[in-house]
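Q: Return atomic coordinates for the entry below.
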Amino acid sequence: MFYDPAKSHGLPHNPFKAIVSPRPIGWISTRDAQGGANLAPYSFFNAINENPPMVMFSSGPRKIDSDERKDSVANIRATGEFCVNMVSHALRDAMNITCAHYPQGVDEFEKAGLQKTQARMIDVPFVKEAPAVMECRLHDIIDLPGGQHLVLGMVVGIHIDDSHIKDGLLDVTNYQPLARLGYKDYASITEVFSLDRPKA
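A: Alright, predicted model coming up:
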């Protein structure tokens, strides 16, 4: 099939996010200007630079069925800081709880029964149970068509749970990172394979 994204695809659900999958989940923790904590997952997320390390995530302008702004972007605009908490298979239910669009000021850590740990380089809490966490300072926020915001962050500190390091490498099959697919679907990484880069 072929369809013009500006017109109808003719399917029961939009396949775009199913095509671009799997996508890692950036579980973004922030602190508002009053000191309150916020935690929300974003599947439009990825690493974008290695040296210096940088990440990005994209957020819509409003909470679903609400005129209220998304808390993550508003908090990052106010403080210039955020953490990316990687989501393991074991944390899937807690992550899903934080998907809900709670009113501003609600602490999603508490709603999901998660423990907070204070970041070292920035004034933001992160998920103690997360297998890996990146502390980030805001590099830029770019406005995209449709009211979306692209947030670019500079990674200034990295935490890795030592139990997931094997023979000097981060063993993702040990914590099984969660990935977003299309529709309501998710996947976790349980098996990997390696390929050597060919010589030109």
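
Q: and the residue minimising distance to the centre of the chain, bridged to which residues?
A: Nearest residue to the geometric centre of the chain (CA atoms, centre = their mean): G26, 1.0 Å. Assessed by DSSP bridges, G26 has beta-bridge partners Y42.

Q: Quick check: which ranges of this structure have low pLDDT?
A: Applying pLDDT under 70 to the chain flags residues 62-68.

Q: what's the lengthiest helix in the chain packed up against?
A: The helix that spans the most residues within the chain, counting by DSSP state H, is helix 71-79. Counting by 3 or more CB pairs under 8 Å, 6 or more residues apart in numbering; DSSP states H and E, the packing neighbours recorded for helix 71-79 are strand 26-31, strand 37-42, strand 81-85, strand 132-143, strand 149-160. Placement of C-beta: from N, CA and C, glycine included.

Q: The residue nearest to the centre of the chain contacts M95, correct?
A: No - using CB atoms under 8 Å, G26 makes no contact with M95, being 10.8 Å away.

Q: Mind listing the shared neighbours of those two?
A: With contacts taken as CB atoms under 8 Å, 6 or more residues apart in numbering, G26 and M95 have P41 as neighbours in common.

Q: picking up where we left off before, of all the helices and strands packed on helix 71-79, which one is nearest F109?
A: Closest to F109 of those, according to CB to CB: strand 37-42, at 5.5 Å.

Q: next SSE after that closest one?
A: strand 45-50 (DSSP states H and E).

Q: could you say what helices and strands that following strand packs with?
A: Secondary elements touching strand 45-50 (3+ CB pairs under 8 Å, 6+ apart): strand 23-24, strand 53-59.

Q: at 10 Å what do you get?
A: strand 23-24, strand 26-31, strand 53-59, strand 132-143, strand 149-160 (3 or more CB pairs under 10 Å, 6 or more residues apart in numbering; DSSP states H and E).

Q: looking at the ones you listed, which is buried most?
A: strand 26-31 (a mean of 26; mean count of other CB atoms under 10 Å).

Q: Between strand 81-85 and that one, find me the angle.
A: 140 degrees (axes from the mean of the first three to the mean of the last three CA atoms, to 10 degrees).

Q: The closest residue to A94 other than its chain neighbours - how many residues pack around it?
A: Once flanking residues are discounted, A94 sits nearest to A112: 4.1 Å by CB to CB, 6 or more residues apart in numbering. Neighbour count for A112, taken as other CB atoms under 10 Å: 19.

Q: if we can go back for a sec, ok, the residue nearest to the centre of the chain touching I48?
A: No - if you go by CB atoms under 10 Å, G26 and I48 don't touch, sitting 11.6 Å apart.

Q: Give me the common contacts of these two.
A: V55, M56, G153 (CB atoms under 10 Å, 6 or more residues apart in numbering).

Q: okay, those in TSV with distance to I76 next?
A: Putting the shared contacts of G26 and I48 into TSV (distance: CB to CB, whole Å) gives the following:
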residue	distance to I76
V55	12
M56	12
G153	8
